[in-house]
Structure formats: structure tokens, C-alpha cells
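S.K.: Structure, please.
(one chain, ligands or ions: 1)
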Amino acid sequence: MSFPHHVKIVEVSPRDGLQNESQIIPAKVKIDFINQLSVTGLPVIETTSFVSPKWIPQLADNSEVFKGIEKIANVSYPALVPNIQGLESAIASGVKEIAVFTTPSEQFSLKNTNCSVTESMHRISEVVEIAKKKRIRIRAYLSCVLGCPYEGKIAPEKVGELGEALLRMGCYEISLGDTIGVGTPPKIKRLLEIVSRHVPLKYLAVHFHDTFGQALVNIYSALEFGIGVIDASVAGLGGCPYAKGASGNVATEDVIYMLQGMGIETGVDLKKLIEAGRFISKQLGRNPNSKVNLALGGPV
Ligand SMILES: [Zn+2]
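M.R.: Numbering: from 1, shown residues only. Coordinates of the predicted model:
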């Protein structure tokens, strides 16, 4: 057992979180929220998605938000990009880092992006080619790596192969998403054992959802395996689109509290993070979906 000394937290609340909240938050509030996150010590804040507002009206203000935030030195502000049009808008808005996404599940790919996994990889390769020429860094998400709402079980081999292909294309990090939160520690271990045969551990991140209350224990298992990058969402922003009322992203506050308890550095100020989580929760008119936030701050 050897835990990392330092863990990089990738904050996904402004994008993954708000995209899965039914309420539409004004751009001004989002900018204020991201600026608050920027001073917590978080190294990466995924700001928005350059996807058609037809699909995700919650993030229709992508350009306004990206241009409006104060960019702090040493903080990365990636934006999700689904295709070349998205990349072009992102570039026009000054984005320096993007995230692309696909999935090992054929059914999820068809329902989510209206194309097969192979077609989706082709689409990504086109985006990546242009991004590389523009010296834009590229992160990749693989969704539903431990289970799919339509297909059920997912073969870890397929996750490994896609991860390897994305790394070869030029993505600098592959984030493994348990989008429906069905993972448990033995499944995490098996997935990482197989995927790390294709993608060295240092290029892997974990993106766990708390749908079944397993996110923290799964993160612990991933850390035990040597994973050093964790995606999380302050106040647990973002529900689960496949189970109404269920939890979505693991709360960043809960992850930081656990890491602090394990003596693992993140550089994140928990107090400031809690404040940012309470600010956005107030805007959504509900309590933070974070046990640590509620325990230390009470209801909003
Ligand atoms: Zn997520």
C-alpha cells in the first residue's frame, strides 16, 4: 500500500455540476462562483461546455462565462468540447485547455452523442488534431466505465483500449468516469488493474459519482492503487440524470476532508471551498450535497 503524497483535484462543478442541475444559473453568478473557486487553491477548474444550447441550455452562456472569469496564474480552466464547432467557439473565447469525451458503451454513445464509439473516436481525433496545432492541452473523459444505464456491465478491456487510443492521440490525462456510481472497491481495483496495462497510472484520473454512496470508498481504493488525480464537484453539484433525486458527483469538500485526514496534500483551502459551495447552493435554493459542508457550516 503506498498512497500518493500529493493529489491533484479537478473541480468540475461549473460544468459537470451545473449542466446536471435543472435550474439555469445566470452567467454573472457563475462568474462569481468560479472566481471564488479560483482562490481556494484548486489547480484545475472545468468552467463550461461549448456544446449547442439546444442540448444543454444550462451552459448556453459558455463564452460569456469563460471570458468573464478572472484567470489566476497556475490554475487551468478547461472547457468541454464535443466537436469542431465547439472547439472553434472555445478558441474564439480564449480557451487554452479542452476536455473531450467518449464512452466504452455503444448504447450510451448512441443515446448521448448519437454516434457509435468508433465514430465518436473519429470525431475526437479531428478535434484533437486542430487543438494540438493551436497548442491547446487536451484532457479526455471516458463515461460509464463501470456500468451503463442502457448496456449494464462494461468490459474493463474496452476502457483500457479506448484510454490507450486517446493517450496516443495526444490527450494528457484520461479521466475514468463512473457516471452512474455503480462501482464498489473490488470493481475499482479490477478496472484499474486492467486499464493500467494500457495507460500508465500517472495519466489516469478518477471521476466517481455518489449515486450509491460509494464515491469516497471508491476514491480510497483508487488512491491505494496509486491514482493521483481526482475529479470532484463542490457541494456535490450535479444530480444523476438517470436516477431522479439521486446524488451525482462526489463533493469536493468530502474528498478534501478525507485526504487531509490521510495526510495527503492538495493545496486546497477547505474553508474557502466550503464558502464557495454554500454560495452556489444558496443560488440553487438548497443545502450543499456535502456531509462535510453541512457538518462544518450547517444548513444554508
Ligand atoms: Zn460527473
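
S.K.: How many residues are close by the residue of the stretch 101-250 of the chain found nearest the ion?
M.R.: Scanning the stretch 101-250 of the chain for the residue nearest the ion gives Asn249, at 4.4 Å (criterion: Cβ to the ion). From N, CA and C alone the C-beta is placed, and that goes for glycine too. By the other Cβ atoms under 10 Å criterion, the neighbourhood of Asn249 contains 31 residues.

S.K.: In contact with it, which residues?
M.R.: 12-13, 16-17, 207, 209-210, 231-233, 236-238 (Cβ atoms under 8 Å, 6 or more residues apart in numbering).

S.K.: Repeat that for Pro156.
M.R.: Counting by Cβ under 8 Å, 6+ apart, Pro156 has contacts 145, 190-191, 193-195.

S.K.: So for it, what pLDDT did the model give?
M.R.: On the pLDDT scale, Pro156 is placed at 98.

S.K.: What of the one 5 residues further on?
M.R.: For Glu161, the pLDDT comes out at 98.

S.K.: Over to Ile188?
M.R.: So, for Ile188, pLDDT stands at 98.

S.K.: Can you select the buried ones from the contacts of Pro156 in ChimeraX?
M.R.: Selection of buried members from the contacts of Pro156 for ChimeraX, criterion 16 or more other Cβ atoms under 10 Å:
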select :145,191,194,195
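
S.K.: so can I have CSV of the contacts of Pro156 showing distance to the ion?
M.R.: CSV is the format used below for those (distance: Cβ to the ion, whole Å):
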residue, distance to the ion
Val145, 12
Arg190, 21
Leu191, 16
Glu193, 23
Ile194, 22
Val195, 18
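
S.K.: now, the most widely separated pair of the contacts of Pro156?
M.R.: Farthest-apart pair in the contacts of Pro156 is Val145 and Glu193; separation 13.3 Å (Cβ to Cβ).

S.K.: Identify all contacting residues around the helix or strand of the chain with the lowest mean pLDDT.
M.R.: Sorting the helices and strands of the chain by mean pLDDT, DSSP states H and E puts helix 106-113 at the bottom, at a mean of 92. Helix 106-113 has contacts (Cβ under 8 Å, 6+ apart) with 82, 102-103, 115-117, 120, 143-144, 148-151, 179.

S.K.: Would you map the helices across this protein?
M.R.: 18-19, 27-38, 62-68, 84-92, 106-113, 117-133, 156-169, 185-195, 215-225, 252-261, 270-284, 291-297 (DSSP state H).

S.K.: Buried residues, stretch 269-279. List them.
M.R.: Result for stretch 269-279 [16+ other Cβ under 10 Å]: buried residues 270, 272-274, 276-279.

S.K.: Bridged to the closest residue to Val229 other than its chain neighbours, which residues?
M.R.: Leaving out its chain neighbours, the residue that sits closest to Val229 by Cβ to Cβ, 6 or more residues apart in numbering is Ala205, at 3.6 Å. When assigned by DSSP bridges, Ala205 has beta-bridge partners Ser175.

S.K.: State the distance from Gly163 to Tyr150.
M.R.: According to Cβ to Cβ, to the nearest Å, Gly163 stands 21 Å off from Tyr150.

S.K.: Settle it for me: which of the two has more neighbours?
M.R.: Gly163 (24 against 14).

S.K.: Give the full set of residues in contact with the more buried one.
M.R.: Gly163 neighbours (Cβ under 8 Å, 6+ apart): 140, 142, 174, 176, 195, 198-199, 204.

S.K.: Write out the residues of this protein neighbouring the ion.
M.R.: 16, 249 (Cβ under 5 Å from the ion).

S.K.: at 8 Å what do you get?
M.R.: 12, 16-17, 20, 177, 179, 207, 209, 231, 233, 238, 248-249 (Cβ under 8 Å from the ion).

S.K.: Excluding chain neighbours, what is closest to Leu270?
M.R.: Using Cβ to Cβ, 6+ apart, the closest residue to Leu270 is Ile256 (5.1 Å).

S.K.: residue contacts, that neighbour?
M.R.: Contacts of Ile256 (Cβ under 8 Å, 6+ apart): 9, 266, 268, 270, 273, 292.

S.K.: Same list, these, but as CSV with distance to Phe3 please.
M.R.: CSV is the format used below for the contacts of Ile256 (distance: Cβ to Cβ, whole Å):
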residue, distance to Phe3
Ile9, 15
Thr266, 13
Val268, 17
Leu270, 19
Leu273, 21
Val292, 20
